[in-house]
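[1] no sequence for this one, just the structure:
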């Protein structure tokens with residue numbers, strides 16, 4: 001039993017590493033920008049010099065805000081690697097040049113310059129020692145290890161509420177196929193989703209312990225704090241997603257249970273570090289204008305905005321499960337449809353055998369929120385800035401569906 005979380009982590013790590021080795025260099029969306037950001041962080045640059053660059057694409061609503069940074073030359077050249085195959089769906093990635101090995105410093109641009117630094121501090125260390133030919137695989141491996149460890153934490157928390165085999169099934173479904181692709185890459189979205197799975201499991205287990213008046217113990221307490229902080233500090237919207245996880249966990253408890261949790265001092269003491277991390281992230285986002293650099297496709301003239309955004313919901317769900325490359329590459333029905341069938345089955349079984357009727361309402365509400373959130377978030381700025389959302393952005397909320405389904 002003690003080794004089970006390590007075995008779960010090892011299973012996921014194997015998959016993440018295989019995906020990492022099978023994915024061509026820079027074939028993950030925005031990976032060149034994130035690799036440059038990681039290298040610049042390890043050159044001592046929290047931020048670069050902002051520049052606005054014309055995308056050259058009339059379908060993009062606004063100019064792209066980039067940041068000029070100094071990085072080893074081989075990392076600066078990574079932006080040229082995917083140019084021959086990204087958005088050219090009939091051309092194999094073998095056309096790309098190999099990553100270089102030069103460590104001589106030069107200047108380049110990155111669109112990830114305003115992202116929070118935490119993820120890049122953790123994975124970017126190889127850029128301080130190696131050129132891109134060695135550093136990129138090591139960065140990917142570091143990300144895979146971190147994500148697998150977080151899923152091991154998720155299992156150790158969720159098995160407090162359900163049988164271990166049920167916990168493993170729920171986490172395997174929550175770890176959508178796209179996560180296996182992202183975890184072994186240089187993209188903070190992978191770590192955000194893995195941390196969200198761990199935080200969902202830890203939050204529900206902690207709420208259950210507080211309701212029953214049990215001491216959560218050191219292991220669960222540390223799991224809650226570490227997974228929560230790991231989730232909060234990764235991407236600009238992460239604090240909002242973490243807050244929604246906390247809210248939904250309290251909703252699952254119902255009013256009598258939530259009242260007991262909110263009067264428990266241990267609950268507030270464990271949430272204090274999360275509040276501090278969230279406050280730091282808010283400061284960073286305001287200082288860096290971290291949410292102001294989003295750009296996307298124009299909304300067609302004369303189109304009803306609400307109808308247009310709701311019409312994209314189906315696309316976002318498919319993207320969240322089965323795109324393995326730049327946005328021209330998928331989604332794959334052979335991956336998406338089986339996953340939807342299994343996830344849907346968990347929701348149906350959870351609803352039919354729920355211990356409380358209120359739990360079913362909370363579960364269905366989470367499904368609706370996860371699906372409709374992109375439309376709600378984009379509505380205020382879609383006309384001016386375009387539609388920038390991709391399905392994987394909403395995964396920190398959606399991964400809670402299979403977890404909550406087995407818990408209810």
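    That came through, no problem. Being a predicted model, the structure only gives us computed values, none of them experimental.
[2] Tell me which helix or strand residue 71 sits in.
    strand 64-72 (DSSP states H and E).
[3] Parallel or antiparallel, which strands does that strand pair with?
    With DSSP bridges as the test, strand 64-72 is paired with strand 49-53 (antiparallel), strand 105-110 (antiparallel).
[4] Among the ones you listed, show the one with the smallest mean pLDDT.
    Ranked by mean pLDDT, those bottom out at strand 49-53, which scores a mean of 80.
[5] What lies in contact with that one?
    63, 64, 65, 66, 67, 68, 109, 113 (CB atoms under 8 Å, 6 or more residues apart in numbering). In this view, the C-beta of every residue, glycine as well, is placed from N, C-alpha and C.
[6] Can you find the helix or strand in this structure with the smallest mean pLDDT?
    Lowest on mean pLDDT, DSSP states H and E among the helices and strands of the chain sits helix 382-385, with a mean of 74.
[7] other SSEs contacting that one?
    On a contact count with 3 or more CB pairs under 8 Å, 6 or more residues apart in numbering; DSSP states H and E, helix 382-385 meets helix 305-311.
[8] quick one: the helix it packs on to chain centroid distance?
    Distance of helix 305-311 from its chain centroid, counting by CA atoms, centre = their mean, to the nearest Å, is 24 Å.
[9] Stretch 249-260 now?
    27 Å.
[10] buried sites along that stretch?
    Under the neighbour-count criterion of 16 or more other CB atoms under 10 Å, stretch 249-260 has 249, 250, 251, 252, 253, 257, 258, 260 buried.
[11] How many neighbouring residues does the nearest residue to the fifth one once chain neighbours are set aside have?
    Going back to what we said before, that points to residue 253. In space, and not counting its chain neighbours, residue 253 is closest to residue 207: 5.2 Å by CB to CB, 6 or more residues apart in numbering. Per other CB atoms under 10 Å, the neighbour tally for residue 207 reads 27.
[12] what does residue 109 give?
    When neighbours are counted by other CB under 10 Å, residue 109 registers 18.
[13] okay but it is in contact with residue 64, surely?
    No. Applying CB atoms under 8 Å as the test, residue 109 and residue 64 come out as separate, 9.3 Å apart.
[14] what about the stretch 151-300 of the chain, any weak spots by pLDDT?
    292-296 (pLDDT under 70).
[15] residue ranges of the helices in it, please?
    164-174, 177-183, 188-211, 217-232, 238-262, 265-288 (DSSP state H, counting those that start in this stretch).
[16] check contacts around residue 234.
    116, 118, 119, 188, 191, 192, 195.
[17] Skip the chain neighbours and tell me the closest residue to the fourth one.
    Using CB to CB, 6+ apart and skipping the chain neighbours, the partner closest in space to residue 188 is residue 119 (4.0 Å).
[18] Figure out the helix or strand that the one you found lives in.
    helix 118-123.
[19] Tell me which other helices or strands that helix touches.
    helix 31-41, helix 132-158, helix 188-211.
[20] Do me a favour and average the pLDDT over that helix.
    97.
[21] Show residues contacting it.
    34, 37-38, 40-42, 139, 142-143, 146, 186, 188, 191, 233-235.
[22] mind listing what's buried in that helix?
    Residues 118, 119, 120, 122, 123 are the ones in helix 118-123 that count as buried (16+ other CB under 10 Å).
[23] I'd assumed residue 195 was in contact with residue 183.
    No. Using CB under 8 Å, residue 183 is not in contact with residue 195, being 11.0 Å away.
[24] hmm, back to that, ok, then the element right after the least confident helix or strand of the chain?
    Immediately after helix 382-385, counting by DSSP H and E, sits helix 395-398.
[25] From the contact counts, what lies against that next one?
    helix 188-211, helix 238-262, helix 357-378.
[26] do you know which of those lies nearest residue 290?
    Proximity to residue 290 (CB to CB) singles out helix 238-262 among these, at 10.6 Å.
[27] what distance separates that closest one from the centre of its chain?
    The answer for helix 238-262 is 20 Å, by CA atoms, centre = their mean.
[28] Which residues does that helix contact?
    Outside of helix 238-262, the residues within contact range by CB under 8 Å, 6+ apart are 192, 196, 199-200, 203-204, 206-208, 210-211, 213, 228, 231-232, 267, 271, 274, 277-278, 281-282, 356, 358-359, 362, 365-366, 369, 396-397, 400, 404, 407-408.
[29] Now which of these would you call buried?
    Buried among the contacts of helix 238-262 (16+ other CB under 10 Å): 192, 196, 199-200, 203-204, 206-208, 210-211, 228, 231-232, 267, 271, 274, 277-278, 281, 358-359, 362, 366, 369, 396-397, 400, 404, 407-408.
[30] Would you tell me which one of the strands paired with strand 64-72 is buried the most?
    Across those, averaging neighbours per residue (mean count of other CB atoms under 10 Å) puts strand 105-110 on top, at a mean of 18.
[31] need the contact list for the residue lying closest to residue 83 once chain neighbours are set aside.
    Of all residues not flanking residue 83 in the chain, residue 96 sits nearest, at 7.9 Å (CB to CB, 6+ apart). Going by CB under 8 Å, 6+ apart, residue 96 touches 24, 25, 26, 81, 82, 83, 84, 85.
[32] again, only this time at 7 Å
    24, 25, 81, 82, 84, 85 (CB atoms under 7 Å, 6 or more residues apart in numbering).
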